[in-house]
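Novice: my questions are about this predicted structure, shown below with the sequence.
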Amino acid sequence: MFSLNSLVVFAAFALSVVAVPHEARGDLLSPSPTSPAALCPSPTIVSSTQVAVGSNTVTFETLGCPATVTSDKAPGILSWLRINCFPWFPPKPITKTVTATATVTDTVTVAAPTPTLVDVTSAPCNIFCGDMGVLPPISDDCAVIENSITILNGVQPATFIVAPSHIQQLTFGTCRVFFENIGGNDLQYTWIALNSTATTAANACFPPVQPVNSLGMCQATDFTWEVGITHS
């Protein structure tokens, strides 16, 4: 029987996850390599550079997720079970067998399709608040990252591209801003949109907003990407 206490707990949980439709810009999270989560359990650093912001230095990194979760839908239970419970059974390559009139069999391996570049700058997403750690990032640290994004927008192309199962992130002090591609195509996004979306998520989730959250995230409505701001 569903008790009144259970209903109260369920209602409290529902209120703790705030969904705010936003017009331009994330799924559930992938944290830094020292604090892995389900969709990217053990990310590895693909590249790392430093961005000077006055007397401060922001770390600009691309991370790769070893377990590929690429789908136009939320990850299915069968994929989750294969990745987490049966990792010793890798996916088999797609093969095509052509049999000639003689008894010779020619096996041809079909190459994986080349990812298509998709611009998601104006794609819809919803804002969610949650936890990745105990405390939210310090606002002054996030302000340094905001300034670094302005610098990157001026010295690099206005857009950046993130490959499937990869994360691009900026980290300074207690703050981390990231774009994660959990779809099957290369995704293009703008620096200005990254800054705007992360700021919107922070304003919706961090103090003085109650209850206290340590993660603000914008999740794509098709579950293929996310923008987040969280404690590093």
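Specialist: Received the coordinates, thanks. This is a predicted model, so every value here is computed, not measured.
Novice: quick check, residue 149 in a helix?
Specialist: Yes: residue assignment for residue 149, taken from DSSP: H, G, I helix; E, B strand; the rest coil, places it within a helix.
Novice: that one contacts residue 190, correct?
Specialist: No: applying CB atoms under 8 Å, one finds residue 149 not in contact with residue 190, separated by 10.1 Å. The C-beta positions use only the backbone N, C-alpha and C, and glycine is treated the same way.
Novice: give me the element residue 141 is part of.
Specialist: With elements taken from DSSP states H and E, the one containing residue 141 is helix 139-155.
Novice: and residue 165, how close does it get to residue 189?
Specialist: In this view, residue 165 and residue 189 are 16 Å apart by CB to CB, to the nearest Å.
Novice: need the next SSE after the helix holding residue 141, C-terminal direction.
Specialist: In the C-terminal direction, the helix or strand that comes right after helix 139-155 (DSSP H and E) is strand 159-162.
Novice: report all helices and strands that that next one contacts.
Specialist: With contacts taken as 3 or more CB pairs under 8 Å, 6 or more residues apart in numbering; DSSP states H and E, strand 159-162 sits against strand 175-181, strand 186-190.
Novice: please pull out the lowest mean pLDDT helix or strand from this protein.
Specialist: Between all helices and strands in the chain, the lowest mean by mean pLDDT, DSSP states H and E belongs to strand 20-22, at a mean of 35.
Novice: okay, helices next: where are they in the protein?
Specialist: Taking DSSP state H to define them, one finds helices in the chain at 4-16, 77-85, 139-155, 191-205.
Novice: for this structure, what are the low-confidence residue spans?
Specialist: Flagging of the chain using pLDDT under 70 yields the residue ranges 1-39, 41, 67-115.
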